[in-house]
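Participant: Generate a structure from the sequence data that follows.
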Amino acid sequence: MTTTTTPPEGAATAGTAAPSTGALLLHGLRTNIRQYGMLSALALIVLLFGFWTDGALLRPGNISNLLQQNGYILILAMGMMIVIIAGHIDLSVGSVAAFVGAISAVMMIKHDLPWGVALVLSLLIGALAGAWQGFFIAYLGIPSFIVTLAGMLLFRGLTQITLAGQSLSPFPEGFQNLAKGVVPEAGPAWSIPLPFEFHLNLGFIELRTEAIGPYHNPTLLIGLAVVAFLLIREVRDRRRQRAYELDVLPRNIWIMKCVAIVAAVLAFTLTLASWHGLPVIMLIVCGLLLGLGYVMRNAVVGRHVYALGGNKAAAKLSGVKDKRVTFLVFVNMGVLAALAGCVFAARLNSGTPQAGLNFELEAIAAAFIGGASMSGGVGTVLGAIIGGLVLGVLNNGMNLVGVGTDWQQVIKGLVLLAAVGIDVWNKRRGSS
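Facilitator: Model (predicted):
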């Protein structure tokens, strides 16, 4: 994340007192409340449920299961975030996911298509569904709410027709691994014996071991690659900002930020590496995060999406092809909905008519919790991931402590209301 708080080192003039580190941090938090608010909330929720569940939430097996359970929501949330940034909404994603899951079941189970071929065809069907809706929205000018509401009903009916009200199972093992598989182990098993028993008790999690390892080798390598990538990006971004004489964080605070990033990634990596390894679905989610994040941050089409959501009239006057961009946004959403439908079907090991119920509500909630704005033009793909994880940790934590499904709905509704309330408050504060 890019934070603007203080001038570059050496820019202070004589007679000007340099602000204290605490003042800089406070100013940075105030000016970047949208970026840091939900990340802090996620950390707080994790710690809270860590205490309440006596560390059960943070056990490697539960974390791996949590990621696999919420993979399809994270995929939908990224697409929904882009749709909302463009100033639209998509109510059909759950029905499209169900329809594509049903089609994939028919292709693999009834017609014995290889799962790889069926997956590619399923994504193409999702793209066609998104293009169909995008045409009405972009080129005929029908509001996205109406078009996607019609799509929600249409694709839900097509799902029932495709499956004739029956579930189809089982899927091939390779297809199931999309949702339930882990990265295969490679290399020798290793561990380092300790000369003493290590015991750490933090209240919400207790660690006791006599050796370091064994760990899942590919997961460790992937984690180290992620650390290297993030550090290189932080250094590159800082140099670029200084080259253009933009404000940057003070060096000591920037170093603290880098240390925090490395510590978080390594802790997450070691947790998964101590279990069975990195889930395949997280490779998919991380690949989408990198790709879509790059497009929205650096590509021309990504900047056009932000421009359309921020001020459509001004964007059109600036030469943005609004119809083409809107069309592509919904094609992208269709592909991601199809992928989410395949992942959900793979996890259930069944194509079922009841799949996809309320998926659109979960995706929309994740996007708004992650920093989207109803007026459009605001949000990040990473924010959608954070919002989805907030919902996932809430669901998982409340299940572990025995909260009933009725109260779970109440709590999630209040969290969503609070997130939108913060957005409104932040806008009013900025305009005053």
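Participant: Which helix or strand contains the most centrally placed residue in the chain?
Facilitator: Nearest residue to the geometric centre of the chain (CA atoms, centre = their mean): Ile385, 1.9 Å. Ile385 belongs to helix 381-400 when assigned by DSSP states H and E.
Participant: quick one: whichever helix or strand comes after that helix to helix 381-400, angle?
Facilitator: Using DSSP H and E, the helix or strand that follows helix 381-400 in sequence is helix 405-431. Here the directions of helix 405-431 and helix 381-400 differ by 150 degrees (axes from the mean of the first three to the mean of the last three CA atoms, to 10 degrees).
Participant: so how far is helix 405-431 from its chain's centroid?
Facilitator: 19 Å (CA atoms, centre = their mean, to the nearest Å).
Participant: Val120 and Leu339, how far apart?
Facilitator: 11 Å (CB to CB, to the nearest Å). C-beta: built from backbone N, CA, C; applies to glycine.
Participant: who's more crowded, these two?
Facilitator: Shown here are Val120 and Leu339; by other CB atoms under 10 Å, Leu339 has more neighbours (24 against 11).
Participant: For that one, which three-state class applies?
Facilitator: Put simply, Leu339 is helix when judged by DSSP: H, G, I helix; E, B strand; the rest coil.
Participant: For it, which non-adjacent residue is closest in space?
Facilitator: Nearest residue to Leu339, sequence neighbours excluded (CB to CB, 6 or more residues apart in numbering): Ile75, at 5.6 Å.
Participant: What pLDDT is listed against that neighbour?
Facilitator: On the pLDDT scale, Ile75 is placed at 97.
Participant: Just to be sure, it is in a strand?
Facilitator: No: counting by three-state DSSP, Ile75 is not found in a strand; it is helix.
Participant: State the number of residues packed around it.
Facilitator: Other residues close to Ile75 by other CB under 10 Å number 31.
Participant: Give me the distance between it and Gly371.
Facilitator: Taken as CB to CB, the span from Ile75 to Gly371 is 18 Å.
Participant: And for Tyr215?
Facilitator: In terms of CB to CB, Tyr215 sits 34 Å off from Gly371.
Participant: Between these two, point out the one with more neighbours.
Facilitator: With neighbours defined as other CB under 10 Å, Tyr215 and Gly371 compare such that Gly371 has more, 25 against 19.
Participant: Pull the number of nearby residues for the closest residue to the more buried one other than its chain neighbours.
Facilitator: Nearest residue to Gly371, sequence neighbours excluded (CB to CB, 6+ apart): Gly383, at 3.9 Å. Gly383 has 27 neighbours, counted by other CB under 10 Å.
Participant: Surely Gly383 and Met38 touch.
Facilitator: Yes: here Gly383 reaches Met38: they are 6.8 Å apart, a contact under CB atoms under 8 Å.
Participant: Residues in contact with both of these two, list them for me.
Facilitator: Counting by CB atoms under 8 Å, 6 or more residues apart in numbering, the common neighbours of Gly383 and Met38 are Gly370, Gly371.
Participant: hang on, the earlier thing: now for the residue nearest to Leu339: which residues touch it?
Facilitator: Counting by CB under 8 Å, 6+ apart, Ile75 makes contact with Ile284, Val285, Leu288, Leu336, Leu339, Ala340, Val343.
Participant: next one: Leu357
Facilitator: Gly94, Ala98.
Participant: Is it in a helix, a strand, or coil?
Facilitator: On the three-state scheme (three-state DSSP), Leu357 is labelled coil.
Participant: Local confidence estimate at it?
Facilitator: Looking at Leu357, its pLDDT stands at 91.
Participant: Repeat that for Phe198.
Facilitator: For Phe198, the model assigns a pLDDT of 57.
Participant: Flag every buried residue along stretch 249-264.
Facilitator: Within stretch 249-264, the residues scored as buried using 16 or more other CB atoms under 10 Å are Leu249, Pro250, Ile253, Cys258, Ile261, Val262.
Participant: Now that stretch - C-alpha only, CSV.
Facilitator: Once non-C-alpha atoms are left out, stretch 249-264 reads as follows in CSV (Å, rounded to 0.1, in the frame of the first residue of the first chain):
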residue,chain,number,x,y,z
LEU,A,249,7.2,7.4,4.8
PRO,A,250,10.2,8.2,7.1
ARG,A,251,12.8,5.5,6.8
ASN,A,252,12.4,4.1,10.2
ILE,A,253,8.6,3.7,9.8
TRP,A,254,9.1,2.3,6.3
ILE,A,255,11.5,-0.3,7.7
MET,A,256,9.0,-1.2,10.5
LYS,A,257,6.4,-1.7,7.8
CYS,A,258,8.6,-4.0,5.8
VAL,A,259,9.5,-6.0,8.9
ALA,A,260,5.7,-6.4,9.7
ILE,A,261,5.0,-7.6,6.1
VAL,A,262,7.8,-10.1,6.3
ALA,A,263,6.8,-11.4,9.7
ALA,A,264,3.1,-11.8,8.7
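Participant: what's the distance between it and the middle of its chain?
Facilitator: With CA atoms, centre = their mean as the basis, stretch 249-264 stands 23 Å off its chain's centre.
Participant: what does stretch 253-266 give?
Facilitator: Remark: stretch 253-266 is offset 20 Å from the chain centroid, using CA atoms, centre = their mean.
Participant: all numbers from here: first residue = 57
Facilitator: Sure thing, new numbering starts at 57, so read that last one as stretch 309-322.
Participant: what is the rounded mean pLDDT of that stretch?
Facilitator: The model assigns stretch 309-322 a mean pLDDT of 90.
Participant: ditto for stretch 326-346
Facilitator: Taken as a whole, stretch 326-346 has a mean pLDDT of 91.
Participant: what comes into contact with it?
Facilitator: 114, 116-117, 119-120, 123-124, 127, 130-131, 134, 233-235, 237-241, 271-276, 278-279, 282, 392, 395, 399, 437-438, 441.
Participant: mind listing what's buried in stretch 112-130?
Facilitator: Across stretch 112-130, burial judged by 16+ other CB under 10 Å covers 112-115, 118-120, 122-124, 126-130.
Participant: on that earlier part again, quick check, nearest of the contacts of Ile131 to Trp108?
Facilitator: Distance to Trp108 across the contacts of Ile131 (CB to CB) is lowest for Val341, with 26.7 Å.
Participant: what about the closest one, which helix or strand?
Facilitator: Assigned by DSSP H and E, Val341 belongs to helix 336-354.
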